[in-house]
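Peer 1: Structure, please.
(2 chains)
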Amino acid sequence: MSSENSVRVRFAPSPTGYLHVGGARTALYNWLYAKKKGGKFILRVEDTDQERSTIEALNMQVGDLKWLGLLWDEGFDVGGPHTPYKQSERLSIYKQKANELIDAGKAYPCFCTEQDLEKKKEIAQKEGRPPHYDGTCRNLDVQQSLKRMAGGDKAAIRFKVDSSKSYTFHDLIRNEVTFPPNMVGDFIVLRSDGMPVYNFCCVVDDGMMKITHVLRAEEHLSNTLRQMMIYESFNWPLPLFGHLSIILGEDRQKLSKRHGATSCHEFMKQGYLPEALLNFISLLGWSSPTAQEIFSIDELIKQFDLDRMTPSPAVFDQKKFNWVNATHLRALPNEELWSRLVPYLDEHKVGYKKDVAWQSQALEAFKSSMETLMDGVQLFRYIDDNHFEVSAEGLETLKWKEAEPVLRAWIDVVRNHPHDFITEAEFADLQNKVKDQSGQKGKFLFMPMRVSVIGKPHGTELKLLIPLIHKKVLIERAEKCLKI
RNA sequence: GUUCCCAUCGUCUAGUGGCCUAGGACACUACCCUUUCACGGUAGAUACAGGGGUUCAAAUCCCCUUGGGAACGCCA
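Peer 2: Numbers count the residues shown, from 1 in each chain, chains lettered A, B, ... in the order given. Predicted coordinates:
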């Protein structure tokens, strides 16, 4: 494939906070498409809003993308043929392009103040007209205006819109979209402080960076009109656009902070796997022709295509996400799962043994009840020698008249055990001894025993739990329970 | 207000005029496995927003209504 016609896509976040799942999905689809087509994935930073953009936020976004493994071929930090990739470093380019527009009579300086515009808009609203710019400065003599600007007068640069024209483009997801005439008024291209505006830099950058496909969120659909006008004014070919549906919360409102966790960073902290998050959000607006739902990243690249995208909005279903995560988690080999879990255990100060066999055995015991790595943290806390806590339910169980004989028998049996640890096979034997000595069976046998091991009557099978805990600790815990 | 976008089980979706008495997945219910909790297995319930057309035939095409969303910024 020649580089001339190969796919070039970009993700262009504005650094104002952590990466949201919506942004992550946009990045994912772009990235998948680039991988699939052997194209380039470009990370461009849209930081022209100086009020809200911060370097910290940029670092967070970059960190989240790296966590997800959505790495870029060209970008603000790795360079590329169209450097710089940070809009705040491209200001002279936008200025130059805006001047080209002015020279060509396609844009003009506007001296109206914000207050002027506010008033005009109000009047327009009242009179039932669309709140477009009324064109006060449109017919000013350009040379005159430029002189005023040189003299220090502040002016924004406005694009001259041909309000008689309608615009149609073919959306990759929505097919034909038509904007009728007179949808927008003359819009700002450069602010009076010289900073360019989103719609302008977006086109200048996409054009100059030779972007071939623009996959972005649906809220940009109506921006496409203005952007088409700008492409036209530069005589640049239009990229292919695809507008992704938005992601909603359970209440069918656009997903936002009040729906709980919505940023990749939060999901990471809650113990979700990056490949599971990617897998799950890939399904929000796309489906595989094979109806497969669990994918590795490579499978996703292989199966992904733009012709299976849905235009309707999707609700973020936390339960299904949990299932996807659990499925990925349980499919991980134990060593791999352990290496993912350890940072969480450390962060939450849960102790563990350095012994690989022990780790693997514990994981084997807990895997089936783990949906997230944080579930793992909770589970490992139960077998941490330094944590023992009896739950309310555990307390109830200990009040049973059957509890005491079981615990006494248990302590006795464990004490007489010749080794520091009890194997699964040995436990089968010990369990019978406790049964005989205490005269209890069924739940009256197992529940008090389990409370003495993990502090609660329900949970992991005892035969899997016991081999993980040192005999001394088992006795200690049972004795503690007797005293309650 | 105007314009644009959207509309299949609770949720994600399959479906591109006959294969649809609408398929899959999550969730849900029941049963099985089981000392418990999970895991796993089996079975089940649940949807084409409404109304008009077009057609021999419509979830699929067209129109209207309704509902949801977005845009109309010197935010992105």
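
Peer 1: contacting residues for residue A:189?
Peer 2: Listed by Cβ atoms under 8 Å, 6 or more residues apart in numbering, the contact partners of residue A:189 are A:98, A:101, A:107, A:156-159, A:196-197, A:199-200, A:230. C-betas here are computed from N, CA, C, even on glycine.

Peer 1: And it, which helix or strand is it part of?
Peer 2: strand A:188-190 (DSSP states H and E).

Peer 1: any idea of the mean pLDDT in that strand?
Peer 2: Summarised as a single mean, pLDDT over strand A:188-190 is 93.

Peer 1: One more: stretch A:42-50?
Peer 2: The average pLDDT within stretch A:42-50 is 91.

Peer 1: That one near RNA strand B at all?
Peer 2: Yes: using Cβ under 7 Å from any atom of the strand, stretch A:42-50 reaches RNA strand B at A:46, A:48-49.

Peer 1: Can you say which of those are buried?
Peer 2: A:46, A:48 (16 or more other Cβ atoms under 10 Å).

Peer 1: so where does residue A:451 fall, helix or strand?
Peer 2: helix A:443-454.

Peer 1: Which residue, other than its chain neighbours, is closest to the residue in the stretch 1-150 of chain A that RNA strand B sits nearest to?
Peer 2: Per Cβ to the nearest atom of the strand, residue A:46 is where the stretch 1-150 of chain A lies closest to RNA strand B, at 3.1 Å. Nearest residue to residue A:46, sequence neighbours excluded (Cβ to Cβ, 6 or more residues apart in numbering): residue A:14, at 4.3 Å.

Peer 1: Now do the contacts for the one you found.
Peer 2: Counting by Cβ under 8 Å, 6+ apart, residue A:14 has contacts A:45-47, A:49, A:52-53.

Peer 1: again, but for residue A:160
Peer 2: A:105-108, A:138, A:186.

Peer 1: so how many other residues sit close to the closest residue to residue A:41 other than its chain neighbours?
Peer 2: Excluding its sequence neighbours, the residue lying closest to residue A:41 (Cβ to Cβ, 6+ apart) is residue A:34, at 4.0 Å. Other residues lying near residue A:34 total 25 when counted by other Cβ atoms under 10 Å.

Peer 1: and the next element down the chain from the helix or strand hosting residue A:34?
Peer 2: Here residue A:34, judged by DSSP H and E, is contained in helix A:21-37. Where DSSP H and E defines the elements, the next helix or strand beyond helix A:21-37 is strand A:40-43.

Peer 1: Pull the distance from the next helix or strand along the chain from that following strand to the chain's centre.
Peer 2: Remark: after strand A:40-43, the chain's next helix or strand is helix A:55-68, criterion DSSP H and E. Helix A:55-68 sits 11 Å away from the centroid of its parent chain (Cα atoms, centre = their mean, to the nearest Å).

Peer 1: Then stretch A:175-184?
Peer 2: 32 Å.

Peer 1: Quickly check the contacts of residue A:14 for the two that are furthest apart.
Peer 2: The distance between the two most remote of the contacts of residue A:14 (Cβ to Cβ) is 12.8 Å, for A:45 and A:52.

Peer 1: Which of the two has more residues huddled nearby?
Peer 2: Using other Cβ under 10 Å as the criterion, residue A:45 and residue A:52 rank with residue A:45 on top: 24 against 11.

Peer 1: Do any residues in the helix holding residue A:34 lie close to RNA strand B?
Peer 2: No: using Cβ under 7 Å from any atom of the strand, helix A:21-37 stays clear of RNA strand B, coming no nearer than 9.5 Å.

Peer 1: try stretch A:245-263
Peer 2: Yes: shown here: stretch A:245-263 in contact with RNA strand B (Cβ under 7 Å from any atom of the strand) through A:245-246, A:248, A:252-254.

Peer 1: List the contacts of that stretch.
Peer 2: Contact with stretch A:245-263 is made by A:17-22, A:25, A:64, A:173, A:217-219, A:267, A:270, A:281, A:284-285, A:310-318, as judged by Cβ under 8 Å, 6+ apart.

Peer 1: and with 10 Å instead?
Peer 2: Around stretch A:245-263, the neighbours that count as contacts under Cβ atoms under 10 Å, 6 or more residues apart in numbering are A:17-26, A:60-61, A:64, A:173-174, A:217-219, A:266-270, A:272, A:281, A:284-285, A:309-319, A:321.

Peer 1: ok, of the residues you listed, which come out buried?
Peer 2: Buried members of these, scored by 16+ other Cβ under 10 Å, are A:17-26, A:60-61, A:64, A:173-174, A:218, A:267-268, A:272, A:281, A:284-285, A:309, A:313-314, A:316, A:321.

Peer 1: mind listing what's buried in the helix holding residue A:451?
Peer 2: Buried, per 16+ other Cβ under 10 Å, within helix A:443-454: A:444-454.

Peer 1: helix or strand right after the strand holding residue A:189?
Peer 2: Next element after strand A:188-190 (DSSP H and E): helix A:198-208.

Peer 1: Quick one: distance of the next helix or strand after that next one to the chain centre.
Peer 2: Next helix or strand after helix A:198-208 toward the C-terminus (DSSP H and E): strand A:213-217. Here strand A:213-217 shows a centroid-to-chain-centroid distance of 17 Å under the convention Cα atoms, centre = their mean.

Peer 1: can you tell if strand A:213-217 touches RNA strand B?
Peer 2: No: judged by Cβ under 7 Å from any atom of the strand, strand A:213-217 stays clear of RNA strand B, getting no closer than 8.2 Å.

Peer 1: same thing with stretch A:113-123?
Peer 2: Yes: using Cβ under 7 Å from any atom of the strand, stretch A:113-123 reaches RNA strand B at A:113-114, A:117, A:121.

Peer 1: Any of those residues buried? List them.
Peer 2: Of the residues of stretch A:113-123 next to RNA strand B, these count as buried by 16+ other Cβ under 10 Å: A:117, A:121.

Peer 1: Out of the residues of stretch A:113-123 next to RNA strand B, which two sit at the greatest distance?
Peer 2: For those, the maximum inter-member distance is 12.7 Å, found between A:113 and A:121 (Cβ to Cβ).

Peer 1: if we can go back for a sec, so what's in contact with residue A:45 and residue A:52 at the same time?
Peer 2: With Cβ under 10 Å, 6+ apart as the test, residue A:45 and residue A:52 both reach A:14-15.

Peer 1: lowest average confidence, helix or strand, in chain A?
Peer 2: helix A:114-126 (a mean of 81; mean pLDDT, DSSP states H and E).

Peer 1: Quick one: list the elements packing against the following helix or strand past that helix.
Peer 2: Per DSSP H and E, the first helix or strand lying C-terminal to helix A:114-126 is helix A:142-150. Applying 3 or more Cβ pairs under 10 Å, 6 or more residues apart in numbering; DSSP states H and E, we find helix A:142-150 packed against helix A:91-103, strand A:107-110.
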